[in-house]
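Novice: Predicted model, plus sequence, below.
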Amino acid sequence: MPEGDTIHRIAAYFAERLPGRTITEGEVARRPDLRLAGREIRAVRAVGKHLYLDFVDGAALRSHLGMWGTWHRYATGEKWRKPARRASIRFVTEETEWVCFDAREIELVAPRSVRSRELREAVGPDLLGPAVEPAALVARARALRPADSLIADVLLDQRIAAGIGNVYKCEVLFLGGVHPRLPLARVDDRVLAFLYSTAADLLRLNVRPGERVTRFEDGGTLWVYGRIGERCWRCNARIAYARLGVHWRATYWCPRCQSEEPSDSTRRMLDPAGEDGPAPDPPPHEVPLRRNHAHYPPAGRDRPRTGSRRLSARPAPRRRR
């Protein structure tokens with residue numbers, strides 16, 4: 001699942017290979033009016049989850065991979081590893097063919113246009129950018145979101161801060177001890193700042209090849225995302241799952257570590273060991289899982305896709321059913 005770290009990694013890969021190259025042929029799916037041939041690439045950059053190919057003439061090709069988008073690199077004439085009907089962008093530079101499959105959004109943005117200004121205003125500070133100030137992000141969240149917004153929706157709002165996707169949403173909420181159903185009004189400013197600063201730290205740590213990691217003990221893995229019904233690494237409770245928020249996004253959390261009482265999350269974040277030191281390991285949390293929409297992800301769009309070698313990242317962890 002491409003998130004901010006994924007897009008920055010792709011941008012770094014492209015930035016080593018594409019600037020100064022001229023596109024000899026290319027097209028955008030269902031947009032025959034967008035002409036790519038003859039354009040020289042000046043730079044490649046990532047802004048949150050958006051990838052921009054900046055051309056010398058001032059225009060920019062913007063792509064958003066969404067849930068399942070991938071970029072592939074081929075030698076000219078090499079057989080594609082995905083069907084042509086799924087290609088969103090294709091262009092050729094010298095002996096190399098670049099193909100983006102299954103992108104959610106593609107557009108050619110004219111320089112100094114109304115659209116370019118709209119895009120700048122629609123995306124908040126990139127958490128992988130320089131000198132992101134958590135306190136400023138807290139103020140943006142309070143200004144841009146209604147007080148009753150679920151914190152799970154607030155973290156995904158790219159107008160506040162760009163780069164957090166569904167995986168990091170679940171992981172930072174766990175690390176902050178915050179229940180995903182908690183409304184914004186009940187989240188302390190210190191906790192909200194902690195969530196954004198932790199997301200920025202994790203994104204930076206994962207701008208590198210390999211599996212995405214948020215838990216660095218015992219070989220590294222994820223704390224809660226994709227681990228429905230498995231034991232919490234901290235308290236041994238069963239990881240819960242539900243589709244939450246305005247867009248009904250898959251959400252994972254620990255029902256014991258992530259409290260719906262905001263004072264608990266504030267206390268845990270500021271003093272994780274407590275006044276008397278770490279609590280002893282609790283006994284196993286024996287709560288039977290029921291096979292319904294609140295516990296098991298339905299088949300289909302939220303199931304991670306596997307496939308061939310690609311530039312856009314590792315596949316998401318396989319979920320149990």
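Specialist: Alright, I've got the coordinates.

Novice: buried set for the longest helix anywhere in the chain?
Specialist: Looking across the chain with DSSP state H, the single longest helix is helix 189-205. Across helix 189-205, burial judged by 16 or more other Cβ atoms under 10 Å covers 190-200, 202-203. All C-beta spots, glycine's among them, are computed from the backbone N, C-alpha and C.

Novice: Just put those in CSV and tack on distance to Pro2.
Specialist: Putting those into CSV (distance: Cβ to Cβ, whole Å) gives the following:
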residue, distance to Pro2
Arg190, 30
Val191, 27
Leu192, 25
Ala193, 26
Phe194, 25
Leu195, 21
Tyr196, 20
Ser197, 22
Thr198, 20
Ala199, 15
Ala200, 18
Leu202, 15
Leu203, 12
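
Novice: Show me which pair in these is furthest apart.
Specialist: Arg190 and Leu203 (20.5 Å; Cβ to Cβ).

Novice: circling back to that earlier point, can I get the buried residues of helix 189-205 in a markdown table with pLDDT?
Specialist: Listed next are those as a markdown table, based on pLDDT from 0 to 100:
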| residue | pLDDT |
| --- | --- |
| Arg190 | 95 |
| Val191 | 95 |
| Leu192 | 96 |
| Ala193 | 96 |
| Phe194 | 96 |
| Leu195 | 97 |
| Tyr196 | 96 |
| Ser197 | 95 |
| Thr198 | 95 |
| Ala199 | 94 |
| Ala200 | 92 |
| Leu202 | 94 |
| Leu203 | 91 |
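
Novice: with those in mind, which one is nearest to Gly124?
Specialist: Tyr196 (10.2 Å).

Novice: Excluding chain neighbours, what is closest to Ser197?
Specialist: Spatial nearest neighbour of Ser197, excluding adjacent residues (Cβ to Cβ, 6 or more residues apart in numbering): Pro134 at 4.5 Å.

Novice: who's in contact with the one you found?
Specialist: Applying Cβ atoms under 8 Å, 6 or more residues apart in numbering, one finds that Pro134 lies in contact with Ala193, Phe194, Tyr196, Ser197, Ala200.

Novice: just curious, which of these is nearest to Ile164?
Specialist: Ile164 has its nearest neighbour among those in Tyr196, at 8.2 Å by Cβ to Cβ.

Novice: The closest residue to Arg256 other than its chain neighbours: how many residues sit nearby?
Specialist: Excluding the flanking residues, the one nearest Arg256 by Cβ to Cβ, 6+ apart is Ala237, at 4.0 Å. Residues near Ala237, counting by other Cβ atoms under 10 Å, number 19.

Novice: again, but for Glu97
Specialist: When neighbours are defined as other Cβ under 10 Å, Glu97 has 19 of them.

Novice: circling back: so what secondary structure elements neighbour the longest helix of the chain?
Specialist: Packed against helix 189-205 by the contact rule (3 or more Cβ pairs under 8 Å, 6 or more residues apart in numbering; DSSP states H and E) you find helix 4-15, helix 134-144, helix 151-156, helix 166-175, helix 262-270.

Novice: repeat that for 6 Å
Specialist: With contacts defined as 3 or more Cβ pairs under 6 Å, 6 or more residues apart in numbering; DSSP states H and E, the packing partners of helix 189-205 are helix 134-144, helix 166-175, helix 262-270.

Novice: Determine which stretch of the ones you listed is the most buried.
Specialist: Highest mean neighbour count of those: helix 166-175, a mean of 25 (counted as mean count of other Cβ atoms under 10 Å).
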